[in-house]
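*Asks:* build me a model:
(one chain, ligands or ions: 2)
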Amino acid sequence: MSSKTNIIDPKTGKYFLATFGCQMNEYDSNMIGSMLENRGMSMTENADQADVLIVNTCSIRGGAEDRAYARIASMKHYKKMRPEVRIAVIGCMAQNHGEKIPTALEHVDYVVGPDNYRDLESLIFSESTPRQGSGTEVRKVWTEQNDFENYEGLMARLDGSVSAHITIMRGCNKQCAYCIVPNVRGVERSRDLESIVAEVRHAVSEGIHEVCLLGQTVNSYRTEAGNFAALLRKLETVDGLRRIRFMSPHPRHFDTELITAMAECSKVCNQVHLPLQSGSNSMLKKMRRQYTRERYIEIVSELRAAIPNLAITTDIISGFVGETEQDFEDTLSLMREVRFDYSFMFSYSPREGTPAFSEPETLSPQGKQARHERVMELQMQHTEERLDAMLGRREEILIEDRSSRDANEWMGKTRCFKKVIVPHAPGIAKGSFVETRITERRGLVLRGEYLNA
Ligand code: 5AD
Ligand code: SF4
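*Replies:* Ligands and ions are numbered 1, 2, ... in the order given. All right, here's what the predicted structure looks like:
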């Protein structure tokens, strides 16, 4: 039925969500999805059919913003075809650019920052789509920061993956010199412990056996009911839950209490993502990371001594302002010492509003690119070496999906977060746990055979 007003009918309305950036954005998208579905809307993966198009954006590096702008620009024709369609830009870039977004892209109806998602719901179901040139000034931008907004009382929709990602804290109190996150995500705030436990229990009741706890500095989690180590111990007692992961912890908050809890909780996986950023003490100081190279190596040693077969992954930035050849060599030498299972490697991208932004870059784009390539080349050697070390090992795999290469095979992950391909077998489905022996490495993927099949 067509209607003269352009109120979206929640009963028949459909939303489309495109998400850029990290798992925290994925979680927020799922949380907004559940908010809209509670009103009766349904999700569509076909933007042509959507009444509301939402783009959840990332600001971490310049490239992420460019990609989001391109995607939003490409949505203009939906509005042309169906003027009642509403387009909302949300997330970190919404917070970062605010008014600039609808100024550049007139077809955007709303810009909503990470602390204003509760407003999004009422905006979508409000009387009329804001229009420019209608005579009255219509508010499009909702980016007030709220240091207390934790979205208590909301749970994210489960998106069909075998692992539920659950945000346990929001914001960041660090001020790493290169990082835009504290500007756009605000100060650190931890969710109520019991509400996290309730969300985990809910996921388990829906058939999920693995959770990944999310936070910008997830291990600085703290409430009156306990710190991060206490939360892990509490989740260890949730019946039916089999695997607990978390990301990303900050080395500054990695202490013996946490390492002991990880070692003593059988459900906490033997995998940790511990962002390094640089192996040079002078760069770490300039980045305001609050630890030294020596302390980082000490944490790794303590972790490896406490947790057998631990996989360690990291984030590395090369080409930060003032990084000398020696500083860069220090990063490579730390990599050789630790031998990370995998790294997410980034070339420094200056972000306006961050402490380092005013400092002139000291490397040419080619010089930065060359370092980025060297770091990737070294990591590739270590990645292969760490995968080879898995050969012959007995591993429990959680089946995630059909293999993308061959639909007759399955892809799952070990407790140490390595991808393994296994053949099809009776009774195997998404979400199954299977015991395997690792038999082969092909490129960056392991293959396994079933044990006790
Ligand atoms: N340039 C390059 N990489 C960055 N990161 C954060 N800010 C920047 C930046 N300005 C990286 C860090 C962080 C990861 C999420 O993104 O390595 O851990
Ligand atoms: Fe950014 Fe540093 Fe906070 Fe991580 S800890 S989000 S790198 S400011």
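
*Asks:* for the closest residue to Asn30 other than its chain neighbours, what are its contacts?
*Replies:* Spatial nearest neighbour of Asn30, excluding adjacent residues (CB to CB, 6 or more residues apart in numbering): Ala156 at 3.6 Å. C-betas here are computed from N, CA, C, even on glycine. Residues counted as contacts of Ala156 (CB atoms under 8 Å, 6 or more residues apart in numbering) are 27-28, 30-31, 33-34, 165-167, 199.

*Asks:* hmm, Arg118 and Met31 touching each other?
*Replies:* No - assessed by CB atoms under 8 Å, Met31 is found out of contact with Arg118, at 10.3 Å.

*Asks:* just to revisit the earlier point, adding distance to Val420 and pLDDT, write the contacts of Ala156 out as TSV.
*Replies:* Formatted as TSV, these follow (distance: CB to CB, whole Å; pLDDT from 0 to 100):
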residue	distance to Val420	pLDDT
Tyr27	26	96
Asp28	30	96
Asn30	26	96
Met31	31	96
Gly33	30	96
Ser34	32	95
His165	21	97
Ile166	25	97
Thr167	28	97
Glu199	28	97
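
*Asks:* overlap in contacts of Met31 and Arg118?
*Replies:* Common contacts of Met31 and Arg118 (CB under 8 Å, 6+ apart): Tyr151.

*Asks:* so which of the contacts of Ala156 are in helices?
*Replies:* Counted as lying in helices by DSSP state H, out of the contacts of Ala156, are 27-28, 30-31, 33-34, 199.

*Asks:* what about the longest helix in this structure?
*Replies:* In the chain, ranked by residue count with DSSP H as the criterion, the top helix is helix 365-388.

*Asks:* check whether that one comes near ligand 1.
*Replies:* No - for helix 365-388, no contact with ligand 1 is found by CB under 6 Å from any ligand atom; the gap never falls below 10.1 Å.

*Asks:* in the next helix or strand after that helix, which residues are buried?
*Replies:* Next along the chain after helix 365-388, taking DSSP states H and E as the criterion, comes strand 394-402. For strand 394-402, burial by neighbour count (16 or more other CB atoms under 10 Å) applies to 395, 397-400.

*Asks:* closest to ligand 1 among those?
*Replies:* Using CB to the nearest ligand atom, Glu400 comes nearest to ligand 1 of the buried residues of strand 394-402, at 22.8 Å.

*Asks:* surely the closest one touches His209?
*Replies:* No - the criterion here is CB under 8 Å, and Glu400 misses it with His209 at 11.8 Å.

*Asks:* which neighbours do these two share?
*Replies:* Val162.

*Asks:* buried ones among the ones in helices among the contacts of Ala156?
*Replies:* For these, a burial check counting by 16+ other CB under 10 Å picks out 27-28, 30-31, 33, 199.

*Asks:* buried residues in stretch 108-128?
*Replies:* By neighbour count with 16+ other CB under 10 Å, stretch 108-128 contains the buried residues 108-118, 120-121, 123-125.

*Asks:* ditto for stretch 158-168
*Replies:* For stretch 158-168, a neighbour-count test (16+ other CB under 10 Å) marks 161-168 as buried.

*Asks:* what's the most distant pair in those residues?
*Replies:* Of all pairs drawn from these, the one with the longest distance (CB to CB) is Val162 and Ile168, at 19.6 Å.

*Asks:* helices of the stretch 251-400 of the chain, residue ranges please.
*Replies:* Here the stretch 251-400 of the chain has its helices, by DSSP state H, counting those that start in this stretch, at 256-264, 281-286, 293-306, 325-338, 365-388.

*Asks:* nearest to ligand 2, out of the ones you listed?
*Replies:* Set against ligand 2 and scored by CB to the nearest ligand atom, the helices of the stretch 251-400 of the chain come closest in helix 281-286, at 11.5 Å.

*Asks:* which residues are contacting the closest one?
*Replies:* Contact with helix 281-286 is made by 177, 277-278, 291-293, 320-323, 327, 330-331, 356, as judged by CB under 8 Å, 6+ apart.

*Asks:* can you check stretch 93-111 too?
*Replies:* Here stretch 93-111 has contacts from 57-59, 64-65, 68-69, 72-73, 75-76, 79, 86-90, 112-114, 120, 123, 129-130, 132, 140-143, 145, 180, 183-185, 353, using CB under 8 Å, 6+ apart.

*Asks:* stretch 298-305 now?
*Replies:* Contact with stretch 298-305 is made by 251, 254, 256, 259, 262, 272, 274, 310, 312, 338, as judged by CB under 8 Å, 6+ apart.

*Asks:* what do you get if the cut-off is 10 Å, keeping everything else the same?
*Replies:* With CB atoms under 10 Å, 6 or more residues apart in numbering as the test, stretch 298-305 has contacts from 249, 251-252, 254-256, 258-260, 262-263, 270, 272, 274, 276, 291-292, 310, 312, 314, 334, 337-340.
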